[in-house]
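> What shape does this take:
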Amino acid sequence: MATFDKDDFRRISLSLATAVVMIVAGAGIVYASLQFVQAEKKNKAMAQSRQMESKSKLSRARDEELEIKQKIARFNDLAQRGILGEEHRLDWIEQIRRIKDARKLIEVQYEIAPQKELDAATLPGSSGNFVFLSSSMRLHMKLLHEDDLLNFLSDLRESARAYLRLRRCDVDRLPRSTGDNRGIQPQLGADCDIDWITIREKKAAS
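All right, here's what the predicted structure looks like:
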């Protein structure tokens, strides 16, 4: 039967102590490794979040830049077309006369009402920095056919130094004339309401 003396117990105790120390050290290393892995994951997630935020800010900046460029282009276009600024009523009258003569229209009568301010809230894309003004025109025409009206409105839109909004247009067949008419007789009558819209920048309060 084997017996253990004090030296044997000392050696065993030393070995056990060494094993415990190694276990504790190993556990510490494992714990530190896990903490390192978690920290790396957190740092990576934060880096990805910052990268996505930077991309989002860059995308917004590009969108804002594009929007500003589009507004500037639109502003310049309105200015070139005469829509931005004071109305050009004498030019409108001259344009109507030229179209009537060029298209050889039978009869064009109109009446333009005084200018009034529009409610900007009813207009898409309106801005608080501008005032929208409208001069309403009541138009009466005698036509050979509907194309006379369509061509007149198309020519007017292309040449007018204003934005034209057609609010109403009624076309009716005219009664046949019973007299001895040698000239070309109109077949249709048209009555339209058209808004000539211009935009003026608000004056800064003094």
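> Any buried residues in the host helix or strand of residue 110, and which?
Secondary-structure assignment from DSSP states H and E places residue 110 in strand 107-112. When neighbours are counted by 16 or more other C-beta atoms under 10 Å, the buried residues of strand 107-112 are found to be 108, 112. Just so you know, the C-beta spots here come from the backbone N, C-alpha and C atoms, and that holds for glycine as well.
> Tell me where this structure has strands.
Taking DSSP state E, the strands of the chain run over residues 107-112, 116-117, 130-143, 163-173, 188-201.
> Out of the ones you listed, which gets nearest to residue 25?
Residue 25 lies closest, by C-beta to C-beta, to one member of the strands of the chain: strand 130-143, at 76.7 Å.
> that older thread, among the strands of the chain, which comes closest to residue 56?
Of the strands of the chain, the one closest to residue 56 (C-beta to C-beta) turns out to be strand 130-143, at 31.6 Å.
> Tell me which other helices or strands the closest one touches.
With contacts taken as 3 or more C-beta pairs under 8 Å, 6 or more residues apart in numbering; DSSP states H and E, strand 130-143 sits against strand 107-112, strand 116-117, helix 146-159, strand 163-173, strand 188-201.
> isn't residue 112 right up against residue 135?
Yes: proximity of residue 112 to residue 135 meets the contact threshold set by C-beta atoms under 8 Å, at 5.5 Å.
> Where does pLDDT dip in the chain?
Regions of the chain meeting the criterion pLDDT under 70 cover residues 1-12, 14, 61, 64-82, 120-128, 177-183, 203-206.
> what's the domain layout of it?
What automatic domain parsing lists as the domains of the chain is 8-80, 89-175+185-201.
> and the ones you listed, which is most packed in?
Burial among the domains of the chain, expressed as mean neighbours by mean count of other C-beta atoms under 10 Å, is greatest for domain 89-175+185-201, which shows a mean of 15.
> what's the first-to-last distance across that domain?
19 Å (C-alpha to C-alpha, to the nearest Å).
> if we can go back for a sec, hey, what's in contact with both of residue 112 and residue 135?
Between them, residue 112 and residue 135 share the neighbouring residues 89, 196, with contact defined by C-beta atoms under 8 Å, 6 or more residues apart in numbering.
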